[in-house]
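S.K.: here is a sequence together with a model predicted from it:
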Amino acid sequence: MTMGFDELRTAVRGRVLASGDAEFEQVARPWSLAVTQPVAAVVEVADAAEVAAVVRYAGGAGLPVVTQPTGHGAAGGVENAILLRTGALKGLEIDPVGRVARVGAGVKWGQVQAAAAGYGLTGLAGSNPVVGVTGYTLGGGKGWFGRKYGWASNAVRAFEIVDAEGRSARVTADSDPDLFWALSGGGGDFAVVTGLEFELFPAPGLYGGRIMWPAARLAQVWDAFRELTSGAPDELSVWFSRFQFPQAPEMVGLDLAYLGDPERGRALVSVLDGIGDAVADTRTAMSVADLGDITTEPTDPSPAITRGELLAELTPEAEKILLGETLAPIISIQVRHLGGALAGPAAGARGALAERYLVSTLGIGLPHLRDAVCAKLDAVSAELAEHATGKKPFTFLAPGESAAAAFDAVTLDRLRAIKRDRDPRNVIRSNYPVLG
């Protein structure tokens, strides 16, 4: 028998808000304000036992459950779902001897980095400190230190989960190889993850920052980017960007992070010192706790709209598009250097990434700009289509795309088989469901 939301309210200590309730619209919004989420209810759970109660309720009521700690990767497609907010699951423990972190599903990367840095350790974090560890890792997780240590999902030792029947379990590669494989980069479609245990890595030092130049230096900066990435050690990651901020002239910049001795990092990128007219240069020795300072991405909710494309190589034709495309009305075109351990063997569904570059485009979806921004992003992707591989990391999928773009056919078939076996009623849904 279908239970009402009033009965669900008795099962959890956190708030249960349904459409029409005060504050419902606010709590149903994801971090990505460009995405609308027409969910049936939002439940703020206090612990894993409450997650299990919600999943059992949803199964009995015939409603899907969508888990969302922050909503950075929100994609829509959640009509009539129960939106499960796990932000209160904030447990965080660092084992400096075992070099392991144990985190609840509500923990964000900035919190992990701050805790690990005191022990000379780091997680495989991305560029934004307010991104949730769990969703990022379930999608693979490509961060600043991926070239050295690979995908964040490769570092996971155990998942704490609630399955589609509402049962709690600890999943390791030995206890449940199929589910562990699927959760390791295959998305959040197979169970609700309430906690993670993952490996930390030595952080003997860090040199990083951003340099910005006027657009007149575009060719020189691009040549420097090509030079640096052609022979970069795996400890060095460099991202190239063109920027067109509102009411400002176009700029070109490089973001970089070197995991190691800062003096060595400074020497590795000394070619940049010869490019004149820099208007900003934040390069410095820094703590891994301050990774977010490199790109200074927004930490408050934003109507950002993005697209991602993978390039096997930077062909002359692709270069012409990346360097010659007019930016307005979008904000940026970014090219991230990949390779290193990201291209190596991976234990989970994420697998190796053969492509050497990731192109990420960004626009702001304000109401009066949204249509033009989306049209421009689509146009850039269409121009690059001939040079892109058609695949992309799971966490770089955009609304309207599907999980099929993130996996090869064999991997996708295996993920779908595991999904049908573990959740035949399709109760648990991710941003980009493998059965979608």
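M.R.: Great, that's in hand.

S.K.: from here on, contacts and neighbour counts on C-alpha atoms
M.R.: Fine.

S.K.: which residues are in contact with the lowest-mean-pLDDT helix or strand in the chain?
M.R.: When each helix and strand of the chain is scored by mean pLDDT, DSSP states H and E, helix 5-9 comes last, with a mean of 86. For helix 5-9, the surrounding residues in contact (CA atoms under 8 Å, 6 or more residues apart in numbering) are Arg15, Val16, Ala18, Val54, Tyr57.

S.K.: do a quick rundown of the helices in the stretch 301-436 of the chain.
M.R.: 316-324, 370-384, 409-422 (DSSP state H, counting those that start in this stretch).

S.K.: list the buried residues in the shortest one.
M.R.: Spelled out, it's helix 316-324. Of the residues in helix 316-324, Ala318, Leu322 count as buried by neighbour count, 16 or more other CA atoms under 10 Å.

S.K.: Arg264: which element?
M.R.: Following DSSP states H and E, the helix or strand that holds Arg264 is helix 262-268.

S.K.: pLDDT (mean, whole number) over the next helix or strand along the chain from that helix?
M.R.: Sequence-wise, the next helix or strand beyond helix 262-268 is strand 280-281, with elements assigned using DSSP H and E. Averaging pLDDT along strand 280-281 gives 98.

S.K.: same check on stretch 207-226?
M.R.: Mean predicted confidence for stretch 207-226 is 98.

S.K.: again, but for stretch 97-105
M.R.: Stretch 97-105 shows a mean pLDDT of 98.

S.K.: residues in contact with that stretch: which ones?
M.R.: Contacts with stretch 97-105, where a contact means CA under 8 Å, 6+ apart, come from 69, 86-87, 89-95, 112, 121, 132-134, 193-201.

S.K.: what residues of it count as buried?
M.R.: Quick answer for stretch 97-105 (16+ other CA under 10 Å): Arg99, Val100, Ala101, Arg102, Val103, Gly104, Ala105.

S.K.: what is the helix holding Arg264 packed up against?
M.R.: Applying 3 or more CA pairs under 8 Å, 6 or more residues apart in numbering; DSSP states H and E, one finds that helix 262-268 contacts strand 206-214.

S.K.: list the buried ones in whichever helix or strand comes after the least confident helix or strand of the chain?
M.R.: Next in sequence after helix 5-9, counting helices and strands by DSSP H and E, comes strand 16-18. Buried positions in strand 16-18, judged by neighbour count with 16+ other CA under 10 Å: Val16, Leu17, Ala18.

S.K.: neighbouring strands - and their directions - for strand 16-18?
M.R.: Strands that pair with strand 16-18, judged by DSSP bridges, come out as strand 41-44 (antiparallel).

S.K.: contact partners of the helix or strand just after the partner strand?
M.R.: Where DSSP H and E defines the elements, the next helix or strand beyond strand 41-44 is helix 48-61. Helix 48-61 has contacts (CA under 8 Å, 6+ apart) with 1-3, 8, 11-12, 45, 64-65, 82, 84, 89, 162-168, 192, 194, 425, 427.

S.K.: ok, now which ones touch Ser332?
M.R.: By CA under 8 Å, 6+ apart, the residues touching Ser332 are Ser241, Arg242, Phe243, Gln244, Thr361, Leu362, Gly363.

S.K.: let's see it at 6 Å
M.R.: By CA atoms under 6 Å, 6 or more residues apart in numbering, the contact set of Ser332 is Arg242, Phe243, Thr361, Leu362.

S.K.: do the same with Ala341
M.R.: By CA under 6 Å, 6+ apart, Ala341 lies in contact with Arg147, Lys148, Tyr149, Gly150.

S.K.: same thing with Ala406?
M.R.: Counting by CA under 6 Å, 6+ apart, Ala406 touches Lys391, Lys392, Pro393, Phe394.

S.K.: and the last one, how far is that from Ser430?
M.R.: Plainly put, Phe394 is 11 Å away from Ser430 if you go by CA to CA, to the nearest Å.

S.K.: doesn't Leu179 fall inside a helix?
M.R.: Yes - judged by DSSP: H, G, I helix; E, B strand; the rest coil, Leu179 forms part of a helix.

S.K.: okay, now it: neighbour count?
M.R.: Leu179 is flanked by 21 other residues according to other CA atoms under 10 Å.

S.K.: and what of Arg420?
M.R.: By the criterion of other CA under 10 Å, Arg420 has 14 neighbours.

S.K.: distance of the closest residue to it other than its chain neighbours from Gly20?
M.R.: Sequence neighbours aside, Asn426 is the residue nearest to Arg420 in space, at 7.6 Å (criterion: CA to CA, 6 or more residues apart in numbering). Look at Asn426 and Gly20: by CA to CA, they are 26 Å apart.

S.K.: more neighbours: the two, which one.
M.R.: Asn426 (19 against 10).
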